[in-house]
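Participant: I'll drop the sequence and a predicted model, then ask my questions.
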Amino acid sequence: MKTILLVDDDHVFRTMLRDWFADNHWEVFEAEDGETGVQMAREHRPDVVICDLLMPRINGFQVCRALKAEPEIFANTKVIVTTGSGYETDRVNAFEAGADYYVTKPVKPDDVLKLLQQPAGARDPQKPTTQTERLRAARLAAGNRLKFWGVRGSVPTPGPGTVRYGGNTSCIEIRADGELIILDAGTGIRVLGLELVSEFKDRAITLTLLISHTHWDHIQGFPFFAPAYQLNNNIRVLAYDGAQAGLQAALASQMESPYFPITMSQMPSTIRFEQLKDLQFNIGKVKVEAAFMNHPGICVGYRLQTTGGSVAYIPDNELYERLKSEGGSADSKDPRAIHDFARQQDLNLLEFVRDADILIIDAQYDCTEYPRFVGWGHSCMDDTVRLAVNAGVKKLFLFHHDPGHDDRQIADMVAHGRDLVTKLGGATQVEAAQEGLEVEIKAPASVFSHHT
């Protein structure tokens, strides 16, 4: 008589399968949590284990790994993972953990039987085979997403007060529609580069780096970007020209002696610099729009339209209305004209970010701080939140955290921003950009994934 172990905390589901298999002359064992399931598997050595992915004590991934770790006992045991969600990432991870089959609930006993009746050596047709195929499947399964690697403005701020939100300067990674896109090259790009080298190993890395502007906190990590030191990698760097020097010269000058021991010409990867001229262009299937920001020098924000949703990135910007109202104008002859101009500029930005699924934007100061920094090129958080609400933004990430703000102050700013959304009658979700935070790019709402 064949034996089967059902590991699931859903009593109704277990009962349905138990009765069906018992009627078909199987000996059935049951466990309602993963830990008990592993113990019973060792005791009874069943021919088949059906375990749910989400269970108390030990989840389905852990059950698979535990059985796979004892091939002398479970070499001939088939493991079927069931799930009610069916996320593609879970499917890939289940196979990596050792599952033979992956089935999305509701499960029909006849379908399970068909799997079990396959000849020896048969495999789930959806199961990745080679390492390359598994890596490709994992990347596709992950979908369109972004990850914060640097969130601070002006200067890196390591220390106990910045552990939660992070102290590296601007850098965001985007994986979308088969493209690897990096927004800015602050100090956060150093750790990102190490992760990319570890992920790709000997395979070539092809990526696009979008620079918002060449102030130091947005380029200072580039000399430490590990993929630039590997011969087979291709790095495309895009930006708009500055006042003093071109993009390549700006990046290269910080690597000249006596500032750095290696020049850019000694980086063995293929690096292509492109001075952008048009405000609309494509990176593969990703549509990109750019808009000039109110910040010293030539500075732009980018809006990326992916198949999953839209991301607007405005790292440095000072909203016009408060700037002018706080005395940020030398011309006082026609206050009305100044007001109308300022309002129109802010409306232009509002249209640029309208209905964005994710908005990452400069919110460096609170209302009490801003008057001391009028004209520095950074915004008051209240204005940023109001802009996002009026533009119908789904999720807002406060960005370019002031080097003087510790974790507690940033958390207080988030709480204040959420209160302001409520007072304005909006639906925008307010968060603070946080190093290691990975976010799915998905309309109409973006969902947190995980921290690392």
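Facilitator: Received the coordinates, thanks. All values reported here derive from a predicted model rather than from experimental measurement.
Participant: by average pLDDT, which secondary structure element in the chain comes out worst?
Facilitator: None of the helices or strands of the chain scores lower by mean pLDDT, DSSP states H and E than helix 131-142, at a mean of 51.
Participant: and the helices in this protein?
Facilitator: 11-23, 34-44, 60-68, 71-74, 88-97, 109-116, 131-142, 188-200, 247-253, 320-325, 335-353, 381-391, 407-424 (DSSP state H).
Participant: adding mean neighbour count, write these out as TSV.
Facilitator: Placement of C-beta: from N, CA and C, glycine included. What follows is the helices of the chain, written out as TSV (neighbours: other C-beta atoms under 10 Å):
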stretch	mean neighbour count
helix 11-23	15
helix 34-44	18
helix 60-68	21
helix 71-74	12
helix 88-97	20
helix 109-116	13
helix 131-142	14
helix 188-200	19
helix 247-253	18
helix 320-325	20
helix 335-353	15
helix 381-391	23
helix 407-424	16
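Participant: which one of these lies closest to Ser154?
Facilitator: Closest to Ser154 of the helices of the chain is helix 188-200 (C-beta to C-beta; 13.7 Å).
Participant: contacting residues around the nearest residue to Gly284 once chain neighbours are set aside?
Facilitator: Leaving aside its sequence neighbours, Gly284 sits nearest to Glu179 (C-beta to C-beta, 6 or more residues apart in numbering; 4.5 Å). Glu179 makes contacts with 208, 283-286, as judged by C-beta atoms under 8 Å, 6 or more residues apart in numbering.
Participant: okay, and the beta partners of Glu179?
Facilitator: Counting by DSSP bridges, Glu179 forms beta bridges with Ala176.
Participant: check the gap between it and Pro258 for me.
Facilitator: Per C-beta to C-beta, to the nearest Å, Glu179 is found 37 Å from Pro258.
Participant: how about Arg418?
Facilitator: Noted for Arg418: a distance of 48 Å to Pro258, by C-beta to C-beta.
Participant: still on that earlier bit, same list, the helices of the chain, but as JSON lines with distance to Gly309 please.
Facilitator: JSON lines is the format used below for the helices of the chain (distance: least, C-beta to C-beta, whole Å):
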{"stretch": "helix 11-23", "distance to Gly309": "34"}
{"stretch": "helix 34-44", "distance to Gly309": "35"}
{"stretch": "helix 60-68", "distance to Gly309": "28"}
{"stretch": "helix 71-74", "distance to Gly309": "42"}
{"stretch": "helix 88-97", "distance to Gly309": "17"}
{"stretch": "helix 109-116", "distance to Gly309": "34"}
{"stretch": "helix 131-142", "distance to Gly309": "15"}
{"stretch": "helix 188-200", "distance to Gly309": "22"}
{"stretch": "helix 247-253", "distance to Gly309": "29"}
{"stretch": "helix 320-325", "distance to Gly309": "28"}
{"stretch": "helix 335-353", "distance to Gly309": "13"}
{"stretch": "helix 381-391", "distance to Gly309": "15"}
{"stretch": "helix 407-424", "distance to Gly309": "20"}
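Participant: Gly375: which of the ones you listed is closest?
Facilitator: Judged by C-beta to C-beta, the one of the helices of the chain that comes nearest to Gly375 is helix 320-325, at 6.8 Å.
Participant: who are the packing partners of that closest one?
Facilitator: In terms of contacts (3 or more C-beta pairs under 8 Å, 6 or more residues apart in numbering; DSSP states H and E), helix 320-325 is packed against helix 335-353.
Participant: before we move on, the earlier item: just the buried residues of the contacts of Glu179.
Facilitator: 208, 283, 286 (16 or more other C-beta atoms under 10 Å).
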